[in-house]
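Visitor: test case, fold it:
(chains A and B)
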Amino acid sequence: MIVPIIRTAMVSLRRDRAALALSFILPITFFTIFAVIFGGRRDTVPKVTVIVVDEDQSQASQQLVRGLQWEGSLVIRTRPASNGGAQSPEYTAATAEAAVKAGDAPVALIVPRGFGENPISFRGDQNGPAIQLLNDSSDPVAPQMVGGLLQKVAMTSMPVVMAEQGTKYADQFVGGFTPEQRTRMDASLERLRQRESENAGTSTGEDAAHDGPSGGGVVAVKARAVVGENKNNPMVSFYAAAIGVMFLLFTASGASGSLLDEADSGTLERVLSSRVTMSSLLAGKLAFNTMLAFSQLVLMFVWAWAVFKLDFFNHVPGFVVMGVCTAFAVGAFGMLLASICRTRAQLGALSTLAILIMSSVGGSMFPRFLMPAGMQKAGLLTINAWAIDGFTKVFWRDEPVSHLWPQVSVLLATGIVLFAIARKIARRWEYA
Amino acid sequence: MVSEPAGAISSSLVPLQIESLVKRFDQVTAVDGISLELRSGECLGLLGPNGAGKSTLIRAIVGRVVPDAGRVAVFGSPAGSNSAREALGWVPQELALYPRLTCKENLETFGRYHGLAGTGLQQAVAWCLEWSSLQDRARDLAKNLSGGMRRRLNMAAGMIHRPQLVLMDEPTVGVDPQSRSRIFEMIEELHGEGTAIIYTTHYMEEAERLCDRIAIVDHGRIIALGTNEELVHNAFASRSQVLARFAGPSDGLAAWVGQRGGRLVDSTAEFSVERPTEIAGLLVDAARAGLDVVDVSLRRPNLESVFLHLTGRELRE
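Guide: Predicted structure coming up:
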């Protein structure tokens, strides 16, 4: 008796393409996405962009910057990307801080004037000014990584400075060198300088990283979060947007499924035999989807305010702008899915597949800055990424509404295009 | 209380005029040159086997099918035009309702879809509830109604804008005799008010009871059109049917029935006779052929006889 039951189930599954997709395509797709993000393929390890401002321009500071540039896991920027061929001026402390606030880079290093006079302090009581590490606290990984690499680079890229400082401390604490010892020390330092100048001309970053001189010592670093430093709960706004958009997509596709129910029950034909046209019907459903999605966002953010102390009421204009645009795009996405599918079961399978993929690539499940560069770019093809970026600008970076124009433009254009496609596909219900 | 019809249609125009309508789906010709005119206040029955083209014809009248040739005019306006939509009410075979809305909400919704508002809408809703005997269920969800009530609500939703022409597609499918009787009364009430009706059904007795004229459709064409009496007379003239059953299978039965001008259907021989006295001759002839007759009946032809005579008895699906 068991065999016929298995056979019946297999035949039914084989003929249910929606169930087949959920059973086999979705797991493989998800596995692939996670493997690419966290699987550690060597060529896809994410690099951290660091803005570096060398105010000191001393030998030590230049060596430090050069050492950082040789680090394979860092992308060092000393000036903004050139705009139309003209080279942009180098970052200053102020513009670097603004760039971090704007989300251009998660970390900026400011090497202050006077750093080269006393760059190393083995006791941690450096007299000179400390390097400033400005960070965006929405990315907790990057400042830790850059801070560690900075110490490593300081030890490997400035051997002469290290030796000089070591000698100075030995002279101070051991009780003074004899003239003969001092002469030999100076000769050794001179040879070190010569070798270093030769290395500067021939070494690659990788060579320097692997073969550079080793030594002991630290540079003083003063870290400061320039974004989110006053936030009560740093990641709440991110997750409110990220999770919110994902569930908005599910809700919108579910609500749009009413179109399929109406087609199935014959109600759609009856409606279309009245004064209601297909365009006005779809527009009405899109308006409903948009209102429903916006209501969900309001609930999500108000909950975040009430329970997690999100600063909601100081960001209402930005929230409304982003909320409406996101809800519109999400609503149109739901309409498109419903118009493509023939049955509720198809809609359930397709929406689950599409939404989970969009949410994982678009940053709803984990922040996009953790992803490889290629995956981060792929995320820009999703509604999630643009919506999350916009809400992050509002709640995290405290940017004005006018700065939301890229996200607003993309979301509105996406909504319009998706709705237009849905309208075209819906012609199949209109006339035979 | 009866509210005024929503559409302002001139009563001098013909409710429905179909000229040489053709509709093909790929290689299949669903409607093959149908011409038809519905008179003012007339109830026209549309009969035909499954797949005969009735549904396509109905959907062409509603404007949901674009014809390959021919034209459909509703009170002079092309099918699907705004004025045609306003003049036309459609009661589909499916229960085309919103199950999570109450009866009243369903009627209000479809009323608004037809452009009704305010007092006019409330009057129309009240009329529909009264017409369908659902006043006391006005606040019940549609999904909680019995099958018969849902059928009546389905009809009421098609009448909310008080159209002058109504298409009813098998409105009594799956209802009990009491509900069917009530539905008949509703239709007769409309008919009595002068509403033109096209009524599709598979129940011959419904067509005989309700319809002024009947059109039999098969293979996309109207193969017979007239009153019940005209159809019977045209098919059988003044002749009656004799049905004879025989004991056991016989090799010569089919040949004998053929020689006598009858036909064998499901082991029953059918003959057409002018006078009942001709039955005696048939019985004598059968005995001579060695056939053992066990049952003989004389029947005046009815609409079902005409339907089966014209469309045959073989299964279509």
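Visitor: near chain B, which residues of the stretch 201-350 of chain A?
Guide: A:265, A:266, A:267, A:269, A:270, A:271, A:272, A:273, A:274, A:275, A:276 (Cβ under 8 Å from any Cβ of the partner chain). Where you see a C-beta, it was placed from the backbone N, CA and C, and this is true even at glycine.
Visitor: right, and the fifth one touches residue B:110 too?
Guide: Yes: taking Cβ atoms under 8 Å as the contact criterion, residue A:270 and residue B:110 are neighbours in contact, 7.3 Å apart.
Visitor: mind listing the strands for chain A?
Guide: Ranges of strands in chain A, per DSSP state E, are A:48-54, A:74-77, A:107-111, A:131-136, A:221-227.
Visitor: now for residue A:270 and residue B:110: what residues contact both?
Guide: B:157, B:158 (Cβ atoms under 8 Å, 6 or more residues apart in numbering or on different chains).
Visitor: of those two, who's got more company?
Guide: residue B:110 (27 against 24; other Cβ atoms under 10 Å in any protein chain shown).
Visitor: tell me the contacts of that one?
Guide: Counting by Cβ under 8 Å, 6+ apart, residue B:110 makes contact with A:270, A:271, A:274, B:157, B:158, B:160.
Visitor: which ones among those residues lie within helices?
Guide: Members of the contacts of residue B:110 lying in helices (criterion: DSSP state H): A:270, A:271, B:157, B:158.
Visitor: got a winner among the residues you listed for most neighbours?
Guide: residue B:157 (29 neighbours).
Visitor: which SSE is the nearest residue to that residue once chain neighbours are set aside in?
Guide: Nearest residue to residue B:157, sequence neighbours excluded (Cβ to Cβ, 6 or more residues apart in numbering or on different chains): residue B:110, at 4.7 Å. Take DSSP states H and E as the rule and residue B:110 turns out to sit in helix B:103-113.
Visitor: repeat for residue B:72
Guide: Residue B:72 belongs to strand B:69-74 when elements are defined using DSSP H and E.
Visitor: ok, the nearest residue to residue A:302 once chain neighbours are set aside - contacts?
Guide: Nearest non-adjacent residue to residue A:302, counting by Cβ to Cβ, 6+ apart: residue A:312, 6.4 Å away. Going by Cβ under 8 Å, 6+ apart, residue A:312 touches A:301, A:302, A:304, A:305, A:319.
Visitor: now residue A:312. Its backbone dihedrals?
Guide: phi -80, psi -50 (degrees, to the nearest 10).
Visitor: could you tell me which residues of the stretch 1-150 of chain B lie near chain A?
Guide: Within the stretch 1-150 of chain B, the positions lying close to chain A (Cβ under 8 Å from any Cβ) are B:25, B:56, B:59, B:62-66, B:82, B:85-86, B:88, B:90, B:92-98, B:110, B:113-115.
Visitor: would you mind checking the residues you listed for buried ones?
Guide: With burial judged by 16 or more other Cβ atoms under 10 Å in any protein chain shown, the buried subset of these is B:56, B:59, B:62-65, B:85-86, B:88, B:90, B:92-93, B:95-98, B:110, B:113-115.
Visitor: on that earlier part again, among the contacts of residue A:312, which one lies nearest to residue B:182?
Guide: residue A:302 (51.6 Å; Cβ to Cβ).
Visitor: what's the neighbour count on that closest one?
Guide: That count, for residue A:302 with other Cβ under 10 Å as the rule, works out to 14.
Visitor: please work out how many residues are found near residue 156.
Guide: Chain wasn't specified; assuming chain A. Residue A:156: 21 neighbours (other Cβ under 10 Å).
Visitor: was after chain B, sorry
Guide: 26.
Visitor: for chain B, give me the ranges with low pLDDT.
Guide: Scanning chain B for pLDDT under 70 picks out B:1-12, B:249-250, B:313-317.
Visitor: all strands for it, in order.
Guide: Under the criterion DSSP E, strands of chain B are mapped to B:16-25, B:28-38, B:43-47, B:69-74, B:77-78, B:88-91, B:165-169, B:196-200, B:213-218, B:221-226, B:240-246, B:263-265, B:268-273, B:293-299.
Visitor: in the stretch 1-150 of chain A, which residue sits closest to chain B?
Guide: residue A:15 (21.9 Å; Cβ to the nearest Cβ).
Visitor: state the pLDDT value of residue A:432.
Guide: pLDDT for residue A:432: 71.
Visitor: tell me the phi and psi of the residue nearest to it when sequence neighbours are not counted?
Guide: Once flanking residues are discounted, residue A:432 sits nearest to residue B:65: 4.8 Å by Cβ to Cβ, 6+ apart. Residue B:65 adopts backbone torsions of phi -130, psi 130, taken as degrees, to the nearest 10.
Visitor: and the residue of chain A nearest chain B?
Guide: residue A:266 (3.2 Å).
Visitor: for that residue, what are its contacts?
Guide: Counting by Cβ under 8 Å, 6+ apart, residue A:266 makes contact with B:92, B:93, B:94, B:95, B:96.
Visitor: try residue B:179
Guide: Residue B:179 neighbours (Cβ under 8 Å, 6+ apart): B:146, B:147, B:148, B:149, B:151, B:152, B:172.
Visitor: ok, now with 7 Å
Guide: Listed by Cβ atoms under 7 Å, 6 or more residues apart in numbering or on different chains, the contact set of residue B:179 reads B:148, B:151.
Visitor: which residue is nearest the centroid of chain B?
Guide: residue B:200 (2.3 Å; Cα atoms, centre = their mean).
Visitor: surely it and residue B:171 touch.
Guide: No: using Cβ atoms under 7 Å, residue B:200 is not in contact with residue B:171, being 8.6 Å away.
Visitor: domain ranges for chain B?
Guide: Taking automatic domain parsing as the domain assignment, the ranges for chain B are B:16-98+B:155-232, B:240-300.
Visitor: picking that back up, buried ones among the contacts of residue A:312?
Guide: By 16+ other Cβ under 10 Å, the contacts of residue A:312 give A:301, A:304, A:305, A:319 as buried.
Visitor: could the residues you listed go into JSON lines alongside pLDDT?
Guide: Output for the buried ones among the contacts of residue A:312, formatted as JSON lines (pLDDT from 0 to 100):
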{"residue": "A:301", "pLDDT": "90"}
{"residue": "A:304", "pLDDT": "86"}
{"residue": "A:305", "pLDDT": "88"}
{"residue": "A:319", "pLDDT": "95"}
